[in-house]
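[1] only the shape, not the letters, is given here:
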């Protein structure tokens, strides 16, 4: 356990150093990523203003806040791409990583966690610029801020586990891009990435509870931007814990069977 | 002339080779439908709250989505594969081969790759355009149709210029894989008419990343908004973009070859 | 006859950023960049006649590949003059590029997903090779390299050796007059290396092409090149016949004796190796004949051979000598 902790710290530190080197790369990435929510922001604030100020419980100002916080949460949601897993498994790189005494998932999670820290730092000036341009309204309580700070890391873990699980599908088939695209499309709609969940018809909102998507996206954003009650905040965190625990369990099971298959098929 | 024959050869061989992977026809179709689906859901959500956005009615917004999909297909089939290969060549040192050929380097790196099945999006886009025009009961005359084609071509060329210029920056920055993400993000702005964006963004989407020319302007041609002046202006701008891109390439090559600036 | 390649005081300098490991240094490098100037190529001069096959020898990082890149127009020289086929390579005129070719052992110019035959077609289009000449050349090369059933498979499905063969065909379809080969046999097995060498030599004889070849493998150089140019730390150390290199830099020869007698062999020279019935001695080159006749007269010899030291040893010696000289200076 101590060794695991040490590994995480070391890997995170190396990741931070590396990401400092690729500053231009990181900025390109973040600016590109900001384009998406800015588009949504513009469309929906335009609509809100035309509709007399409120859509789905959000004012133009809080819509702006939603999508600006979105940029941070979106970044927290990024992890080892399932396509990266496909490359590992299909091109035999996994063999090398299996020789190490540590599960490759730990490497991924710690590496990206370090990256997140650099990214949060780099995000701050971008967020400041967005705030100046779009003038959001944001009045969170202290509780909201604390829960938000915890929730974004919970969100990262949930998504990292989901991506790893997706990636492991490559153990069984090569034709994965269609499956991944389907997953991402579902996620786009059910996570709160496209629009805040309250914009969706009621049945969609209810259905979303069966998926982990909104736990890693809508929940943290709304925790900061909306007016959730303390109960809602804590139950949201509990939900995150639930999805993380489930993810870890499922990961172990799928990995067990996946490795069996990998070793028998050979690559 | 020689370049045209070369393009023809690359096309012929590329298509022949990719045609044999028939499964990709279906996987691409699935991907196209998923994209279309999410786009339509986005539109539907907006339609819930309004019948027009930025002066564009519902069917007209559908037209924009059709042009967006069409142009997206062209970009992913013809432009993106070449830019990705150029980037890879710079990182792995295989660009040297393209530069020791008796054909201009920029030409070679711009025409050699093709992702054939992505062209399905062109068909899907045309279908969506057709449906939207049907909803508006528009009879498309010859002149608007020609203007549409012309606008598409020029828009495509300008998108090429933008990508080419940015990918050339790899000569200086080396690791710019993320620039493709940047572009995907900015291109997504083309789903909506650029008139809805704040002025500064609209200017950026017109003159910097020519998304407006790629999507909104051809859609304007179809919805009787396009003036000959805009088209002429676009033609002039296309020439400017081409010249700029050429200059950037030349400078990039000089840097790559270690010529003193 | 005028030289087909001539290089005069050619230099290439690089500015290389320098950074130490660690978090603090990463931060520092954000504000201040430290730069070293590396002289990859330092005022080298030589000239090559048409039809010559010249080997470039040198340790990694010596400047061989950099020189090759300047000759093929890929790099601008920092200073000095270079002329190939009477053109300035860095101007990259189409006429010039039409007559040269570049083959890099560890990189491929072929499309991975296309069968080699298609890549040949593309070369034909790029170099505007007339159809009948193209067919003839292509079929000739395919036959020479025994590639008949390999050319229809996608290149990624070929083995390393097969890929290299196909790479050569593609590179030479347009019958270039000057060949720049950078480590062409790297990673190949012995048989394949021989095949490639044979092909290069055939091409050189058939078409009178000039070949510049860099390699780590002495066997490449021994088999193909009468003339070698030795580069070390960007400087030209030696330019001349391979045999002369051996003579100049190796002061010793090795005598192998097969004998049934017992003797104190150290009286003849330095004993390198000794076991029942065999002895290997190292003797100064100029004394070889003398010592050999002494051994033959004084010992019961069943067999005796005289070897030049392996060329690797010679080259090794050249470089360690140079290193020592540099250190002392």
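    Received, thanks. Remember, predicted model here, so these are calculated numbers, not experimental data.

[2] quick one: stretch B:70-86 near chain A?
    No - Stretch B:70-86 does not reach chain A (CB under 8 Å from any CB of the partner chain); its nearest approach is 13.2 Å. Any C-beta I mention is one placed from the backbone N, CA and C, and that applies to glycine too.

[3] got the end-to-end distance for that stretch?
    24 Å (CA to CA, to the nearest Å).

[4] what's the average pLDDT for it?
    What stretch B:70-86 shows for mean pLDDT is 94.

[5] the longest helix that chain B contains: how far from the chain's middle?
    Secondary structure of chain B per DSSP state H: the longest helix is helix B:228-256. How far helix B:228-256 lies from its chain's middle: 15 Å, per CA atoms, centre = their mean, to the nearest Å.

[6] who touches stretch B:125-138?
    Contact with stretch B:125-138 is made by B:36, B:57, B:59-60, B:62-63, B:65-73, B:140, B:222-224, as judged by CB atoms under 8 Å, 6 or more residues apart in numbering or on different chains.

[7] off-centre distance for it?
    Put simply, stretch B:125-138 sits 21 Å off its chain's centre (CA atoms, centre = their mean).

[8] give the buried residues for it.
    Under the neighbour-count criterion of 16 or more other CB atoms under 10 Å in any protein chain shown, stretch B:125-138 has B:125, B:128-129, B:132-133, B:136, B:138 buried.

[9] please, where are all the strands along the stretch 1-150 of chain C?
    Ranges of strands in the stretch 1-150 of chain C, per DSSP state E, counting those that start in this stretch, are C:5-18, C:34-48, C:53-57, C:79-84, C:100-104.

[10] and chain B, by the same measure?
    B:52-53, B:56-57 (DSSP state E).

[11] and the ones you listed: which comes nearest chain A?
    strand B:52-53 (6.9 Å; CB to the nearest CB).

[12] so the closest one, near chain A or not?
    Yes - using CB under 8 Å from any CB, strand B:52-53 reaches chain A at residue B:53.

[13] for the residue nearest to residue A:228 when sequence neighbours are not counted, phi and psi?
    Distances taken as CB to CB, 6 or more residues apart in numbering or on different chains place residue A:222 nearest to residue A:228, at 6.2 Å, with adjacent residues excluded. With angles defined as degrees, to the nearest 10, residue A:222 sits at phi -60, psi -30.

[14] what about residue A:222, how many residues close to it?
    25 (other CB atoms under 10 Å in any protein chain shown).

[15] same question for the one 4 residues further on.
    For residue A:226, the count of nearby residues is 19 (other CB under 10 Å).

[16] before we move on, the earlier item: out of the buried residues of stretch B:125-138, which is nearest to chain C?
    residue B:125 (26.6 Å).

[17] residue B:10 against residue B:114, yeah?
    Yes - contact criterion CB atoms under 8 Å: residue B:10 and residue B:114 qualify, at 7.0 Å.

[18] got phi/psi on the closest residue to chain A within the stretch 51-200 of chain C?
    Relative to chain A, the nearest point of the stretch 51-200 of chain C is residue C:156 (11.7 Å; CB to the nearest CB). The phi and psi torsions at residue C:156 (degrees, to the nearest 10) take the values phi -70, psi -20.

[19] which non-adjacent residue is nearest it?
    Excluding the flanking residues, the one nearest residue C:156 by CB to CB, 6+ apart is residue C:112, at 4.4 Å.

[20] ditto for residue C:255
    Using CB to CB, 6+ apart and skipping the chain neighbours, the partner closest in space to residue C:255 is residue C:281 (4.6 Å).

[21] I'd say the one you found and residue C:274 touch.
    No - look at residue C:281 against residue C:274 with CB under 8 Å: they stay out of range, at 9.1 Å.
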